[in-house]
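Participant: Any chance you could fold what I've pasted below:
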Amino acid sequence: MSRTAAPIVVRGLEHWFGEGEAKKQVLFDVDLVLQPGKLTVLLGASGSGKTTLLTLMGCLRRVQQGSVTLLGMELAGAAEDVLVQCRRRLGFIFQAHNLHDSLTAMQNVRMGLEVHGPAATAQWESAAAHLLDLLGLRERLNYLPGNLSGGQKQRVAVARALIGNPDIVFADEPTAALDKESALNVVTLLKRLGTERGTTTLMVTHDSKIMDLADQIITMDEGRIVQDSSLS
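Facilitator: Have a look, this model is predicted:
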């Protein structure tokens, strides 16, 4: 895929949960385009379809109807090995940090390289330490999660998502557990990766300070995109 090509293109995307009489449509004719190296913020009330959309674009759910082109690959009807290849080029940050309690901060970050095979883990220590240092955790490299605050755990989770140099970062309320300074540091780092490496970030957030830094803001309501700043 060309470095200048749109990393995500969604056309006519629709999605349902449940079966039979309980079947409910949650996404309706969603169209969007994300630009390379940019920070896009996804807004909407709880239940508006934000997380469902994010997980479909992130290969965590199967596309039922419509088209999702991710890094030049069509996800609708894609074989499992294609989806695995795509996932290896993505980073995920969720509200729940999901750290392994028995691993140190450094070791938890290393887990982000497991999907890339043995070769990728060869120089993991210096890369993990560098990321944790950038996120203000230089003094906590060898701490277990039980000895970290909620905000520190979340920053470890951010480092884990970034350790494999992903092409796209999907972040679902990643700064909810962070203080203002830490949240700004995380988003500034993501913006920097966009400028220096072309990393594209799609972030679900309601933090106004982060929205001020966004290159594109998409608003959802009841499964539909009702506003897209790139089209205004």
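Participant: Now the helix or strand encompassing residue 151 - C-alpha only, CSV.
Facilitator: Using DSSP states H and E, residue 151 sits within helix 150-162. What follows is helix 150-162, C-alpha atoms only, in CSV (Å, rounded to 0.1, in the frame of the first residue of the first chain):
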residue,chain,number,x,y,z
GLY,A,150,-4.4,3.0,37.5
GLY,A,151,-2.9,5.7,35.3
GLN,A,152,0.5,4.0,35.3
LYS,A,153,-1.0,0.7,34.2
GLN,A,154,-2.8,2.4,31.4
ARG,A,155,0.5,4.0,30.2
VAL,A,156,2.1,0.5,30.2
ALA,A,157,-0.8,-0.6,28.0
VAL,A,158,-0.2,2.3,25.6
ALA,A,159,3.5,1.3,25.4
ARG,A,160,2.5,-2.3,24.7
ALA,A,161,0.3,-1.2,21.8
LEU,A,162,3.1,0.9,20.3
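Participant: what's whatever helix or strand comes next after it packed up against?
Facilitator: Next in sequence after helix 150-162, counting helices and strands by DSSP H and E, comes strand 168-172. Judged by 3 or more Cβ pairs under 8 Å, 6 or more residues apart in numbering; DSSP states H and E, the packing partners of strand 168-172 are helix 50-57, strand 90-93, helix 150-162, helix 180-197, strand 200-204. In this view, the C-beta of every residue, glycine as well, is placed from N, C-alpha and C.
Participant: can you give me how far the last one is from the chain middle?
Facilitator: Which is strand 200-204. Put simply, strand 200-204 sits 6 Å off its chain's centre (Cα atoms, centre = their mean, to the nearest Å).
Participant: which ones are touching the most centrally placed residue in the chain?
Facilitator: When Cα atoms, centre = their mean is applied to the chain, the residue found nearest the centroid is residue 170 (1.1 Å). With contact taken as Cβ atoms under 8 Å, 6 or more residues apart in numbering, residue 170 is in contact with 54, 57, 58, 90, 91, 92, 93, 202.
Participant: Thanks a lot, see you next time.
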